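A.B. asks: Structure, please.
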Amino acid sequence: MTLDEESLGLLIGRVAKELSRSFDGVLAAAGGSSPTWQVLRALDAGDHRTQAELAAAIGVRQPTLTHHLDVMERAGLVTRAREDGNRRVQRVTVTEPGRHLFLRLRRAAASFDGRLRAGLGDGDLAELRRLLDQLLENALPD
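C.D. replies: Coordinates of the predicted model:
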């Protein structure tokens, strides 16, 4: 690597931060946020109904998810109810306003994804995915 070349790790980190910032801006313009999008998306998939399942699905700790759900519940986007058989388990359900926001965020996310794919063919995308998978594998500890 020459002095003029940025290390691959730094380049990927910089690109990831910029993509994340841009995506957050798109979601905010549509009335949401990244945590809201992740929760609504996981709930839409239908397999994650308890807080523990949701936390695992979106890759956050349960206290972090609780904070996000508190905000979403106050906004009327989700409801939580304790399970009858186990009062420690809370089931999360999307409300009608939450469903409308999900659809709006899904359109915004699809539009952003389209922007990212501009100028890339199917082969390019397949190669990009392969390379990113390889980088991820390379980064994992032995």
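
A.B. asks: if I look at the nearest residue to Leu125 once chain neighbours are set aside, how far off is Asn86?
C.D. replies: Nearest-residue entry for Leu125: Arg117, 6.7 Å, with adjacent residues in sequence omitted and distances by Cβ to Cβ, 6 or more residues apart in numbering. Every C-beta, even on glycine, is put in place using the N, C-alpha and C of the backbone. Counting by Cβ to Cβ, to the nearest Å, the separation of Arg117 from Asn86 is 44 Å.

A.B. asks: quick one: which of the two has more around it?
C.D. replies: Taking other Cβ atoms under 10 Å, Arg117 and Asn86 do not tie; Arg117 has more neighbours (13 against 9).

A.B. asks: you'd agree the more buried one is up against Ser111?
C.D. replies: No. Shown here, Arg117 and Ser111 do not form a contact pair, counting by Cβ atoms under 8 Å, at 10.8 Å.

A.B. asks: Helices along the protein, start to end?
C.D. replies: 8-29, 34-45, 51-58, 62-74, 96-117, 122-139 (DSSP state H).

A.B. asks: what comes up buried for the second one?
C.D. replies: Across helix 34-45, burial judged by 16 or more other Cβ atoms under 10 Å covers Pro35, Thr36, Trp37, Gln38, Val39, Leu40, Arg41, Ala42, Leu43.

A.B. asks: residues in contact with it?
C.D. replies: If you take Cβ atoms under 8 Å, 6 or more residues apart in numbering as the criterion, helix 34-45 is touched by 20, 23-24, 27, 32, 48-49, 54, 57-58, 65, 68-69, 71-72, 77-78, 92-94, 98, 101-102, 105-106, 109.

A.B. asks: what stretches of the chain score poorly on pLDDT?
C.D. replies: For the chain, the stretches flagged by pLDDT under 70 are 1-4, 47-48, 87.

A.B. asks: Please report how far Leu19 lies from Ser7.
C.D. replies: Taking Cβ to Cβ as the measure, Leu19 falls 18 Å from Ser7.

A.B. asks: measure the residue nearest to the spatial centre of the chain to Asn138 for me?
C.D. replies: Centroid-nearest residue in the chain: Gln38, 3.9 Å away (criterion: Cα atoms, centre = their mean). For Gln38, the distance to Asn138 equals 26 Å [Cβ to Cβ].
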